[in-house]
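# For reference, the sequence and a predicted model appear below.
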Amino acid sequence: MKKAKIISAVLFAALVLAGCQENIGGSQNQSSQQSSSAPSESSVESSSDVQSSETQSSDTQSSDVQSSDTHSSDTQSSTAPQVQSSSEAQTTESKTQSTPQQSSTNPETNSALTIRGNKIVDCDENAETVVIPQGVVEIDEYAFADCKKLKSVTISSTVRDIEDFAFKGCTSLVSITIPAGTDDVSDSAFDGCAALKEINVESGNREYCSVDGVLYSSNKTELIRLPEGKSGDFSIPSGVYEIDDRAFANTGIKSITIPDAVREIGEAAFEGCNNLTSVKVGNGVTEIEERLFKNCTSLTSVTLPDSVREIEYSAFEGCEKVSVSYKGKTYSYVQINDLYKAVNGR
């Protein structure tokens, strides 16, 4: 009986021990399972971190894009004024360039003239009416040369000088007025102005005056220029002592008597007078200047006074019809060298 109780106790203890081991094994398995599950949570956390990092990176990239867009917008905004400024510059330049074109339609703006400093140096050859502005003091050589359509010129009061050949070949110009302040007009200023009939001078001019459209010195002792449009016979007024260079050149006069009061006749004074047929020179003249009667193709009779002591060799060049009377002897054109010898003594 006692032996049976001992066996029973031993069996019970074995069962208890086995149960404890099973519990320990289960606990260890559970712990192992929990331990194995921990890395998964870590992985989840790691994945979450990656996703968060990617989200942040995406946000950063989005922010960078937005920042770039904002910077681009700012850049565009900053360049906009430059574009506008360029447009304004183009508009200004366009206005500047358009001004001469607009002014060319208005003769009062003097767009036909080229002015350098205070001098007129050129004019549009198609100009018909010109107003020379205040402030201009000089009309340069050839400034209006060959402006064949020019009919009217208004010269401002500030103009002082009208240079050589300034209006040469202005074949439509009929009349011109010299201002009171002009003190120098070249003797060739109006050469080739075939229609010019009047050179007038404003009152108060200290150097010049005009009588019947003919230009004289202010005291009327010097005949300066007969307009080329004048024709017919012409009488030199008493009191004139000098005939200027080219004074009658290319005019349409037919005959002329030079008074004894005249002491000097300038070079080429009658050059190119194709209608001139007869000339009588007064006793006051002592010298016949160069080209005095050059190319007076209709000239047939010239009477020289005994007072003449010198004749330039080109004085009668081109006057093939001329006969010259001097000291009771007449010389034809083919004998003109004999005349030179007779007068010049060589």
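Nice, I can see it.
# secondary structure element for residue 339?
helix 336-344 (DSSP states H and E).
# Next, the distance between the ends of stretch 234-241.
16 Å (CA to CA, to the nearest Å).
# again with stretch 234-249
13 Å.
# just stretch 311-318 next, same as before
Stretch 311-318 end-to-end distance (CA to CA) = 15 Å.
# Please apply the same query to stretch 294-312.
So stretch 294-312: terminal residues 11 Å apart, CA to CA.
# average pLDDT for that stretch?
Mean pLDDT, computed over stretch 294-312, is 97.
# can you check stretch 214-233 too?
96.
# What distance do you get for the nearest residue to residue 332 once chain neighbours are set aside to residue 258?
Nearest non-adjacent residue to residue 332, counting by CB to CB, 6 or more residues apart in numbering: residue 323, 5.6 Å away. Glycine gets a C-beta too; all of them are placed from N, C-alpha and C. To residue 258, residue 323 is 18 Å away according to CB to CB, to the nearest Å.
# These two: which is more packed in?
Neighbour count, other CB atoms under 10 Å: between residue 323 and residue 258, residue 258 has more, with 21 against 15.
# ok so, going back, just the residues contacting the helix holding residue 339, thanks.
Contacts with helix 336-344, where a contact means CB atoms under 8 Å, 6 or more residues apart in numbering, come from 288, 304, 308-311, 313, 316, 322, 324, 326-327, 329, 331.
# okay, and for the stretch 51-200 of the chain, where does confidence drop off?
Low-confidence segments of the stretch 51-200 of the chain (pLDDT under 70): 51-110.
# Just the strands from it, written as ranges.
According to DSSP state E, counting those that start in this stretch, the stretch 51-200 of the chain carries its strands in the segments 113-116, 119-123, 129-131, 138-139, 152-154, 161-162, 175-178, 184-185, 198-201.
# Let me have the ones you listed in JSON lines, extended by distance to residue 337.
Converted to JSON lines, the strands of the stretch 51-200 of the chain look like this (distance: least, CB to CB, whole Å):
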{"stretch": "strand 113-116", "distance to residue 337": "49"}
{"stretch": "strand 119-123", "distance to residue 337": "45"}
{"stretch": "strand 129-131", "distance to residue 337": "48"}
{"stretch": "strand 138-139", "distance to residue 337": "42"}
{"stretch": "strand 152-154", "distance to residue 337": "45"}
{"stretch": "strand 161-162", "distance to residue 337": "39"}
{"stretch": "strand 175-178", "distance to residue 337": "42"}
{"stretch": "strand 184-185", "distance to residue 337": "37"}
{"stretch": "strand 198-201", "distance to residue 337": "38"}
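# if you compare these, which one is most tucked away?
Highest mean neighbour count among these (mean count of other CB atoms under 10 Å): strand 138-139, with a mean of 23.
# Listing partners with orientation, what would you give for that strand?
strand 119-123 (parallel), strand 161-162 (parallel) (DSSP bridges).
# For residue 281, which of the ones you listed is the nearest?
Within these, the stretch nearest residue 281 is strand 161-162; the backing value is 29.7 Å (CB to CB).
# hang on, the earlier thing: out of the strands paired with strand 138-139, flag the one nearest residue 224.
So among the strands paired with strand 138-139, strand 161-162 is nearest, using CB to CB, at 11.7 Å.
# Can you tell me which of the strands of the stretch 51-200 of the chain is nearest to residue 239?
Nearest of the strands of the stretch 51-200 of the chain (CB to CB): strand 198-201, 17.2 Å.
# Adjacent strands (with direction) for the closest one?
By DSSP bridges, strand 198-201 pairs with strand 175-178 (parallel).
# Alpha carbons of the strand it pairs with, as PDB, please.
Backbone C-alpha positions of strand 175-178 (Å, rounded to 0.1, in the frame of the first residue of the first chain) are rendered in PDB as follows:
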ATOM      1  CA  SER A 175      13.200 137.600-107.900                       C
ATOM      2  CA  ILE A 176      15.300 137.700-104.700                       C
ATOM      3  CA  THR A 177      15.600 140.100-101.800                       C
ATOM      4  CA  ILE A 178      18.800 140.800 -99.900                       C
END
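# what about residue 263, neighbour count?
Residue 263, neighbours per other CB under 10 Å, totals 15.
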